[in-house]
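**Q** Sequence and predicted structure below; questions after.
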Amino acid sequence: MPSILILDNLSQEGVDVFRQTEGFNVDIKPPQTPEGLSAIIGDYDGLVVRSATNVTAEALAHAKKLKIIGRAGVGTDNIDRRAATMRGIIVMNTPGGNTISTCEHTFALMFALCRNIAHADRSMEEGRWDRNRFMGAEICGKTLGIVGVGRIGSAVAKRAQAFEMKVIAFDPLLNKIKADALGVELVSFDEIVERSDIITIHAPKSDKTVDMFRAEHFKRMKRSCRIINCARGGIVNEVELAEALREKVIAGAALDVYTSEPFENNPFIGLDNVVMTPHLAASTDEAQLSVAVDVARQMVAYFTTGAIVNAVNVPSIDAETSKALEPLLYLAERLGRFLSLYADGRPSSLQIEYRGELNITDTYPVTSQILKGFLEPMVETVNIVNAPYILAEHGIECSERRHAGVSDYSFEICVGVTTDRESHRVSGTLFSRSDPRICSIDGFRVDARPEGYMLVCHNEDKPLIIGRVGTIIGNAGVNIANMVLGRDHAGGRAFTILNLDAPLTEETLTALRELPHIIQVRMVHFP
């Protein structure tokens with residue numbers, strides 16, 4: 001029974017999604033400090049937050065059971081994504097739920113800024129009639145510069161055209177075809193700075209966007225330019241923006257997000273050319289209901305079907321695809337585990353090749369399963385989320401190649417490992433797309449089932465070897481469930497692979513290794 005911890009006043013409709021699903025246990029608590037979260041997080045399989053709770057690395061260190069964090073909203077900067085990933089915890093968000101809400105708030109701030117709504121209202125509250133003081137500016141005919149043209153930026157672009165604004169856009173991922181379809185002009189960041197009458201920001205916060213707008217940029221803007229930020233605090237340098245507003249370098253700014261929330265040491269207090277709201281862009285009844293229901297449904301789907309939707313630290317995979325990939329992922333995990341247990345020495349690199357018609361476009365889930373299988377015998381906690389990072393953390397290089405039409409089978413997954421002592425290579429396929437088999441070991445053709453206790457003997461191709469091996473195993477009281485043979489040529493070298501009902505003792509393995517013509521004997525266990 002998954003236990004879910006819900007924080008930050010999630011809408012009741014989202015809570016109901018969990019409670020109406022059989023087998024879920026739900027606890028609701030108010031926003032938590034990192035210390036408070038650390039004390040309770042260990043009891044839960046899933047965590048739901050909005051923006052009020054910071055999910056820190058320190059808190060996640062106590063998350064012994066946690067499998068998924070759901071963010072009811074877009075931004076995940078209140079979640080330590082790296083720490084979550086290293087612990088194998090999926091982080092999901094709900095990017096579509098507050099699109100319209102944030103888009104409309106952008107226009108609300110735009111009008112409030114251009115028409116001095118907030119200051120005029122305050123003036124009226126104080127009993128004054130300052131018509132001449134609050135001369136405004138129309139947005140019709142103005143050039144709107146949009147930074148970041150994802151869901152929200154695209155929605156803003158469409159609505160801006162209804163106000164007869166000329167829309168220019170900067171987004172490193174936006175291509176001309178999409179820009180033309182939106183009716184926007186694709187320009188450089190410098191052109192946004194220099195040509196815009198109004199700039200609105202809808203980019204994610206990252207190393208590339210922190211302090212994206214600074215004093216040097218404000219000085220190059222039109223003196224009549226106004227800037228709006230409903231994205232993330234820190235994209236605009238607040239101290240330098242406040243100075244630019246104070247010196248009238250630009251006409252105004254409207255802000256909904258800040259580097260610290262609640263905002264500390266606010267440099268904009270007392271300025272009459274700024275409008276501020278306390279992170280209200282997603283604060284509509286409709287948006288909060290939408291993101292709450294979305295995140296709950298995504299998390300329920302993960303726990304019930306394995307579907308991964310809107311994950312920010314692992315590729316998403318829907319339930320249907322997850323089900324269809326099960327045999328392939330099973331094979332991939334077994335190939336990784338076989339190499340991990342079979343190879344001797346400290347691994348330095350893995351080489352992964354996909355041959356033939358795999359019938360999938362994205363191999364990331366398959367590769368992740370190979371890495372998971374390889375690492376499981378060596379590390380305490382690993383899954384497809386953290387496997388690539390743990391591998392890199394241990395200094396093990398990983399390469400991946402894909403070749404079409406170069407396999408003796410419909411498709412083949414080949415995995416090689418290099419250690420400080422030796423190198424090995426194993427490949428596998430699915431018979432009838434559902435029956436996993438190891439089809440070669442170090443170039444020797446075999447047909448082995450990767451299951452149970454597997455004994456792999458590398459031997460010279462001589463008479464009586466199989467009988468002697470079987471006798472020793474039989475004398476040890478272990479039954480042979482299956483046997484597969486493979487050799488390079490008559491009288492050359494061969495592999496004898498036995499699936500056993502129980503493990504062999506070290507004494508029995510030593511006896512096998514001492515047999516004439518035996519080159520190598522190793523055990524591999526598949527739980």
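**A** Structure received.
**Q** residues touching the residue lying closest to G492 once chain neighbours are set aside, list them.
**A** Once flanking residues are discounted, G492 sits nearest to D461: 5.3 Å by CB to CB, 6 or more residues apart in numbering. Where C-beta positions appear, they are placed from N, C-alpha and C, glycine not excepted. Shown in contact with D461 (CB atoms under 8 Å, 6 or more residues apart in numbering): 487, 489-494.
**Q** which strands and helices sit next to the helix or strand that contains V524?
**A** Remark: V524 resides in strand 518-526, with elements defined by DSSP states H and E. In terms of contacts (3 or more CB pairs under 8 Å, 6 or more residues apart in numbering; DSSP states H and E), strand 518-526 is packed against helix 319-342, strand 452-460, helix 506-513.
**Q** Return the member of these having the minimum mean pLDDT.
**A** Across these, helix 319-342 has the smallest mean pLDDT, namely a mean of 89.
**Q** Run the angle between it and strand 452-460 for me.
**A** 50 degrees (axes from the mean of the first three to the mean of the last three CA atoms, to 10 degrees).
**Q** and the next element down the chain from helix 319-342?
**A** Later in the chain than helix 319-342, the nearest helix or strand by DSSP H and E is strand 347-356.
**Q** Could you please name the strands that following strand pairs with and the direction of each pair?
**A** Using DSSP bridges, the strands paired with strand 347-356 are strand 397-403 (parallel), strand 411-419 (antiparallel).
**Q** Nearest residue to the middle of this structure?
**A** N313 (1.5 Å; CA atoms, centre = their mean).
**Q** So that one belongs to a helix, correct?
**A** No - counting by DSSP: H, G, I helix; E, B strand; the rest coil, N313 is not part of a helix but coil.
**Q** Hmm, it is touching T85, no?
**A** Yes - N313 lies in contact with T85 (CB atoms under 8 Å); the separation is 4.6 Å.
**Q** Need the residues touching each of the two.
**A** 91, 385.
**Q** show me where the stretch 101-250 of the chain has strands.
**A** 143-147, 166-170, 185-186, 198-201, 226-229 (DSSP state E, counting those that start in this stretch).
**Q** just checking, which of the contacts of D461 belong to strands?
**A** 487, 493-494 (DSSP state E).
**Q** Just put those residues in TSV and tack on pLDDT.
**A** Below are the ones in strands among the contacts of D461 laid out as TSV (pLDDT from 0 to 100):
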residue	pLDDT
R487	86
R493	91
A494	89
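**Q** Output the helices and strands packed on strand 518-526 in JSON lines, with mean neighbour count and distance to V91 appended to each entry.
**A** As requested, the helices and strands packed on strand 518-526 are exported to JSON lines (neighbours: other CB atoms under 10 Å; distance: least, CB to CB, whole Å):
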{"stretch": "helix 319-342", "mean neighbour count": "20", "distance to V91": "18"}
{"stretch": "strand 452-460", "mean neighbour count": "20", "distance to V91": "36"}
{"stretch": "helix 506-513", "mean neighbour count": "14", "distance to V91": "44"}
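**Q** May I see those arranged in TSV, with distance to V293 as well?
**A** Output for the helices and strands packed on strand 518-526, formatted as TSV (distance: least, CB to CB, whole Å):
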stretch	distance to V293
helix 319-342	18
strand 452-460	45
helix 506-513	57
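**Q** so who does S38 touch?
**A** Residues in contact with S38, defined by CB under 8 Å, 6+ apart, are 58-59, 61-62.
**Q** Could you do V478 as well?
**A** Counted by CB under 8 Å, 6+ apart, V478 has contacts 500-504, 508.
**Q** Roughly how far does it sit from L500?
**A** 5 Å (CB to CB, to the nearest Å).
**Q** again with P2
**A** Separation of P2 from L500 (CB to CB): 37 Å.
**Q** What of N310?
**A** Noted for N310: a distance of 45 Å to L500, by CB to CB.
**Q** now swap in R128 and tell me
**A** 91 Å.
**Q** If you count surrounding residues, which of those two has more?
**A** L500 (20 against 11; other CB atoms under 10 Å).
**Q** Now that one. Nearest residue, chain neighbours left out?
**A** Nearest non-adjacent residue to L500, counting by CB to CB, 6+ apart: Y453, 4.3 Å away.
**Q** Wait, the one you found touches T505, no?
**A** No - the pair Y453 / T505 is not scored as a contact, 11.9 Å apart, by CB under 8 Å.
**Q** residues in contact with L241?
**A** L241 is in contact with 213, 218, 227, 253, 268, counting by CB under 8 Å, 6+ apart.
**Q** How about F189, nearest residue that isn't a chain neighbour?
**A** F170 (5.0 Å).
**Q** Distance check, that neighbour against D211.
**A** 16 Å.
**Q** what's the answer for I441, then?
**A** Going from I441 to D211 by CB to CB gives 54 Å.
**Q** Also L173?
**A** Counting by CB to CB, the gap from L173 to D211 is 20 Å.
**Q** In terms of neighbours, single out the busier of these two.
**A** D211 (12 against 8).
**Q** about what we covered before: between which two of the contacts of V478 is the distance greatest?
**A** D501 and T508 (13.7 Å; CB to CB).
**Q** so what's T56 up against?
**A** Counting by CB under 8 Å, 6+ apart, T56 touches 34, 37, 80, 83.
**Q** pLDDT weak spots in the stretch 351-500 of the chain?
**A** 405-406 (pLDDT under 70).
**Q** name the helices or strands packed onto the helix or strand encompassing L47?
**A** Using DSSP H and E, L47 sits in strand 46-49. Here strand 46-49 touches strand 3-6, strand 68-71, helix 285-305, going by 3+ CB pairs under 8 Å, 6+ apart.
**Q** The second one pairs with which strands, and in what direction?
**A** Right, strand 68-71. strand 46-49 (parallel), strand 90-92 (parallel).
**Q** And for the first one?
**A** Strand 3-6 sits in its sheet next to strand 25-28 (parallel), strand 46-49 (parallel), going by DSSP bridges.
**Q** and of these, who's closest to H517?
**A** Closest of the strands paired with strand 3-6 to H517 is strand 46-49, at 56.0 Å (criterion: CB to CB).
**Q** could you give the mean pLDDT of the helix or strand following that closest one?
**A** The element immediately downstream of strand 46-49 (helix or strand, assigned by DSSP H and E) is helix 57-60. Averaged across helix 57-60, the pLDDT comes to 94.
**Q** for helix 57-60, packing partners?
**A** Secondary-structure packing of helix 57-60 (3+ CB pairs under 8 Å, 6+ apart): helix 34-40, helix 81-86.
**Q** need the least confident one among the ones you listed, by mean pLDDT.
**A** Among the helices and strands packed on helix 57-60, helix 81-86 carries the lowest mean pLDDT (a mean of 89).
**Q** can I see the domain layout of the protein?
**A** Domain assignment of the chain by automatic domain parsing yields the ranges 3-96+286-316, 99-276, 318-450, 451-527.
**Q** Need the residues that contact the strand holding L47.
**A** Strand 46-49 is contacted by residues 2-8, 10, 14, 41, 55, 63, 66-72, 78-79, 295-296, 299, 303 when judged by CB under 8 Å, 6+ apart.
**Q** Let me know the pLDDT of M92.
**A** M92 is given a pLDDT of 92.
**Q** Distance check, it against V295.
**A** M92 sits at a distance of 7 Å from V295 (criterion: CB to CB).
**Q** Between those two, which has more neighbouring residues?
**A** The neighbour comparison of M92 against V295 (other CB under 10 Å) goes to V295, with 30 against 26.
**Q** which ones are touching the more buried one?
**A** Contact partners of V295, counting by CB under 8 Å, 6+ apart, are 10, 14, 48, 70-72, 92-94.
**Q** try it again with 10 Å
**A** 6, 10, 14, 17, 46, 48-50, 68-73, 92-94, 97, 309-310 (CB atoms under 10 Å, 6 or more residues apart in numbering).
**Q** Many thanks, I have nothing further to ask.
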